[in-house]
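Engineer: sequence unknown, structure follows:
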């Protein structure tokens, strides 16, 4: 009988304390936003032969994503105020990392890769601990936040031609493009992110934003949207939507774009790569690009430059 | 006397009522809260909810394990403290005010009577002893973080139930050496690389708040170095793949049970090795299997010095090392987003000398509270005929039901069975029960189960708070004062919060 009383007392105590606590909390707890609404429409994602379902990602989104991106996907999670850069607003369906042309929706695979890769120099972690299915489900869930996904199709991925060999000529041409396209205005002449316009930049929600600092890069450095030369190519050919970084797809020819990639790599002075090897072999100086040479195919120019012993 | 059935679930009616009351509480809690999350020092730094790293705080999930394996870094180039607000202070304190009830099935209790008008002990008998009340289970100060990219530290001053503080963890880490995640070094006093971390256990009672498997030693055994749940002093090399699917560790620690000043043996070391592989099992989740091996030595002979006041042991002089090992498998199996099962097995072996009680003469109170002496293997000492190396096997099963990041139900069952006693058939001495001859084959066997839940009424990246209910039942063969089985139960209700 005594044991029975103690267990009964335990249960009552538990209930009373819980009730008291919940009551107090209801009166004093800060408002950190509403619960996520039930999506009006479920969405799917398709990554290879994998199909993601938004319904399956609700718990994961709340556990891992909502603190920053918000329960409503509007980038207003309770931590957003502390973060720089600010979390993505999924209701706008504007994404930085795409393989598609500027202004278009990214492919499901683009979002899938972004989740797994994370965004360097931000608070977006590398979520490669998820299963592929979890990531696919989250991609589908993200698509429930904006009606754009119902009205528009994803853009077509741009075609990336094979990378030509790195030569001092291609680096030289890339440097000329860097100047001509005024990349230096934001990224600075040395790629340190300290160009004259750097301090004035804002993103599409008027939040201050800094241009990428190439010079800080080391062997393990990454860009927002990847780490390979193909990723750099993709970044300035598709643009980084939602930021001042435009797409140069209309003003750069594919081979010229590769030359720019090669030059940008040399701005990462602490990185060990083929571009810096070529530059070192050329005496550490980038020769001035001669405009008339631009009319000749880039490969010929590169061979000349390399053989010329600049 | 065996008290299992007396341990209170006395009759069906009260149990049913208790269950209904508990169910009501759970239902109320589930529907009364609004949201959850948060964990201080690191969560504040990165702006992540605590649920990002914890299946339920403090237990790590896979992402949290990767964060830890990276040296408390997200690896997003924002890990160095230069990126932090100068006002950021990487400190968290954790405190657990509770109400609990403990029922010990058999305890020796005096019975008084009047003898010639004077209150006098007339008998000392085994009786059930029950205590209950409000309590405080301890206070921890966690401080950890990065000093610079790939250089981190962790310091944990912790108070015991008497409010005396000790350093549970003090360590430095060098990560991603040579640019490789496969080479990370940790040194200081730290928890061994147990994937199912006892320091991050989800339960709080005295017996349910530890993994019995991590601290088991046969009755009468003198080896205390084989506790894989004990924080140790040493260095650890750990490595992992980029996504942490594959990981290994190799630690070399002093055989000192984590105590400073090397008061135990002179030159005894223990190695702890683990390896595991995780698999993407599609809709089930990321499941992991692995194994561990602990192999080491413990001194059995402490040299002595005799003075006019008597003979005493010389700290740090232990020699006559004898070996021991523990090995087992570990599994972390996920069955979708809500259910998972953690499994740890163990096979243990101690050298016959350790099994006979040698190994900790320098510090007897560590092994047997109140003990004044344990055997010392001085030159010429011989073992009693029939002595043998003790072995045992155990398994730990811990299922979780994660209703949401805010509410987790925890269950655990552990059993440890002696497969060979240190004093087997033909033993010519007196066994630990004080009886001549071999020990009963089940002496020291342990069975225990724990059930409970933790509810986080809110979750932000600023603080953590859990409403915690738990029940534990423990059964140990031969542990009662009369040498029979001892049953013990604990009920705990309380708050567990940190900031």
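Structural biologist: The structure has been received and is ready for your questions. Quick caveat: nothing in here was measured; it's all calculated off a predicted structure.
Engineer: which residues of chain A fall in helices?
Structural biologist: Assigned by DSSP state H, the helices in chain A fall at A:2-28, A:58-60, A:66-69, A:108-117, A:132-142, A:148-151, A:168-180, A:184-187, A:229-238, A:254-267, A:274-281, A:298-308.
Engineer: Tell me how far the third one lies from the chain's centre.
Structural biologist: If I follow you right, that is helix A:66-69. Put simply, helix A:66-69 sits 16 Å off its chain's centre (CA atoms, centre = their mean, to the nearest Å).
Engineer: Just the residues contacting it, thanks.
Structural biologist: By CB atoms under 8 Å, 6 or more residues apart in numbering or on different chains, the residues outside helix A:66-69 that reach it are A:36, A:75, A:77-80, A:83, A:87-90, A:123-124, B:37, B:47-49, B:52, B:460-461. The C-beta positions use only the backbone N, C-alpha and C, and glycine is treated the same way.
Engineer: Tell me which residues are up against stretch B:441-448.
Structural biologist: Under the contact criterion CB under 8 Å, 6+ apart, stretch B:441-448 has outside partners B:207-208, B:212, B:216, B:218-219, B:392, B:394, B:412-418, B:421, B:431-433, B:472-479.
Engineer: just these that are near chain A?
Structural biologist: Residues of the contacts of stretch B:441-448 in contact with chain A (CB under 8 Å from any CB of the partner chain): none.
Engineer: Is residue B:492 bridged to anything, and to what?
Structural biologist: residue B:100, residue B:470 (DSSP bridges).
Engineer: contacting residues around the nearest residue to residue B:209 once chain neighbours are set aside?
Structural biologist: Spatial nearest neighbour of residue B:209, chain neighbours left out: residue B:203 (5.1 Å); criterion: CB to CB, 6 or more residues apart in numbering or on different chains. The contact partners of residue B:203, by CB under 8 Å, 6+ apart, come to B:209, B:410, B:412, B:450, B:452, B:470, B:472.
Engineer: the bottom helix or strand of chain B by mean pLDDT?
Structural biologist: Within chain B, confidence by mean pLDDT, DSSP states H and E is lowest for helix B:12-32 among all helices and strands, at a mean of 41.
Engineer: what's downstream of it, the next helix or strand?
Structural biologist: helix B:40-46 (DSSP states H and E).
Engineer: Just give the nearest non-adjacent residue to residue B:169, would you?
Structural biologist: Closest residue in space to residue B:169, ignoring its immediate chain neighbours: residue B:156 at 4.0 Å, by CB to CB, 6+ apart.
Engineer: got the buried residues for the helix or strand where the one you found lies?
Structural biologist: Using DSSP H and E, residue B:156 sits within strand B:151-159. Across strand B:151-159, burial judged by 16 or more other CB atoms under 10 Å in any protein chain shown covers B:152-159.
Engineer: So which of the contacts of residue B:203 belong to helices?
Structural biologist: Assigned to helices by DSSP H, none of these qualify.
Engineer: thinking again about what came up before, just put the buried residues of strand B:151-159 in TSV and tack on pLDDT.
Structural biologist: Compiled in TSV, the buried residues of strand B:151-159 are given as follows (pLDDT from 0 to 100):
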residue	pLDDT
B:152	93
B:153	92
B:154	93
B:155	92
B:156	91
B:157	90
B:158	88
B:159	84
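Engineer: ok, those residues vs chain A, which is closest?
Structural biologist: residue B:152 (16.6 Å; CB to the nearest CB).
Engineer: which residues sit in contact with that closest one?
Structural biologist: So residue B:152 contacts B:71-73, B:144-146, B:172-173, B:175 (CB under 8 Å, 6+ apart).
Engineer: Might one say that residue A:261 is in contact with residue A:234?
Structural biologist: No - in this structure, residue A:261 is not within contact of residue A:234 by CB atoms under 8 Å, at 9.9 Å.
Engineer: Which residues does the closest residue in space to residue A:136 that isn't next to it in sequence form beta bridges with?
Structural biologist: Of all residues not flanking residue A:136 in the chain, residue A:52 sits nearest, at 3.0 Å (CB to CB, 6+ apart). Listed beta-bridge partners, residue A:52: residue A:45 (assigned using DSSP bridges).
Engineer: From residue A:68, how far off is residue A:52?
Structural biologist: 21 Å (CB to CB, to the nearest Å).
Engineer: do the same with residue A:112
Structural biologist: From residue A:112 to residue A:68 the distance is 19 Å (CB to CB).
Engineer: Between these two, point out the one with more neighbours.
Structural biologist: Per other CB atoms under 10 Å in any protein chain shown, whichever of residue A:112 and residue A:68 has more neighbours is residue A:68, with 27 against 22.
Engineer: All set, thanks.
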